[in-house]
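A.B. asks: fold the stuff below for me.
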Amino acid sequence: MDPKLGPKFNIPAASLTIFDTLTIIVCVPFYDWFLVPLVRKFTGHPQGFTQIQRMRIGLVLATASMLVAAAVEVKRLQLAAEFDLLDNVTDPVPMSILWQIPQYFLVGASEIFTSLGQLEFFYDQAPDAMRSLASALALGNYLSSFLVAVISHATSSSGSSGWIPNNLNRGHLDYFFFGGGAQGSQWALLLGMLERLSV
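C.D. replies: Here you go, the predicted model:
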C-alpha cells in the first residue's frame, strides 16, 4: 500500500499500531465515565455490562475489524491486478495505507471490552489460588501467532504460494481475515449461549 502522506513523508507500516493504542487511551475514559453509567441505567447492573456481555461486545468488534481488514485486502488485491503489480513487490499498490486505520480503531475498541471483561471474569470467578494462572491462560497473542503459522503452512503445503506468501499480491490474506471474522462471530455466539445458561 502507498505509505505517502504528503510529498515528503512516508508512514512506516509498523507505526499503524499507534491507532490501536490511541483508541484505547481515548476510549477508556469515555467507556468509564459515559458508557458504563448510561448502560447501568438500563440494565441495573453495577458495572453496566456483565463480564460475558463485555467479552461478547469485544468479540463482535474484533469480528468487525477482521471483516474491514478483509474488505481492504480485497480492494488492494483488485488494484494490484488492475495496475499489473501482482509480481511487483517493490512498487506500492496505489491505495493509501491510511485505509487500514478503521481496523486498528476497531481492534482498540474490542480490546477495551474484551480485556476488561476477561480480567474481571478471571478475578471474580476463579478461586483465589488460581487467579494469576487463569489470567495467564488468556493466550490470545500466542494462539494467533500459532494460527498464522499453521494456516501459512497448510495452505502452501501442496506447492502453491498459500494464503500468506512473501509476495502478498499473490496471496489470499483476505481469506485469512474472513476466516478470523467467522471464528470471532462463532465465539461471540458461544458466549451468548453460555450467558443464557448461567442466568
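A.B. asks: going forward, measure contacts and count neighbours with C-alpha atoms only.
C.D. replies: Fine.
A.B. asks: need the helix or strand of this protein with the lowest average pLDDT.
C.D. replies: helix 131-136 (a mean of 68; mean pLDDT, DSSP states H and E).
A.B. asks: quick check: phi and psi at residue 96.
C.D. replies: Torsion angles at residue 96 (phi, psi; degrees, to the nearest 10) stand at phi -60, psi 140.
A.B. asks: tally up the residues packed near it, please.
C.D. replies: Counted by other C-alpha atoms under 10 Å, the residues lying close to residue 96 total 15.
A.B. asks: distance check, it against residue 38.
C.D. replies: Distance of residue 96 to residue 38, computed by C-alpha to C-alpha, to the nearest Å: 37 Å.
A.B. asks: can you check residue 116 too?
C.D. replies: Residue 116 sits 18 Å away from residue 38, going by C-alpha to C-alpha.
A.B. asks: tell me where the protein has strands.
C.D. replies: In the chain, the strands defined using DSSP state E lie at 4-5, 9-10.
A.B. asks: out of those strands, which is closest to residue 177?
C.D. replies: strand 4-5 (24.9 Å; C-alpha to C-alpha).
A.B. asks: partner strands of the closest one, with direction?
C.D. replies: Here strand 4-5 has these sheet partners by DSSP bridges: strand 9-10 (antiparallel).
A.B. asks: low-confidence ranges in the protein?
C.D. replies: By pLDDT under 70, the weakly predicted segments of the chain are 131, 133-142, 198-199.
A.B. asks: give the contact list for residue 80.
C.D. replies: Contacts for residue 80 (C-alpha atoms under 8 Å, 6 or more residues apart in numbering) come out as 86, 93, 169.
A.B. asks: returning to what we had before: looking at the strands of the chain, which is buried most?
C.D. replies: Highest mean neighbour count among these (mean count of other C-alpha atoms under 10 Å): strand 4-5, with a mean of 14.
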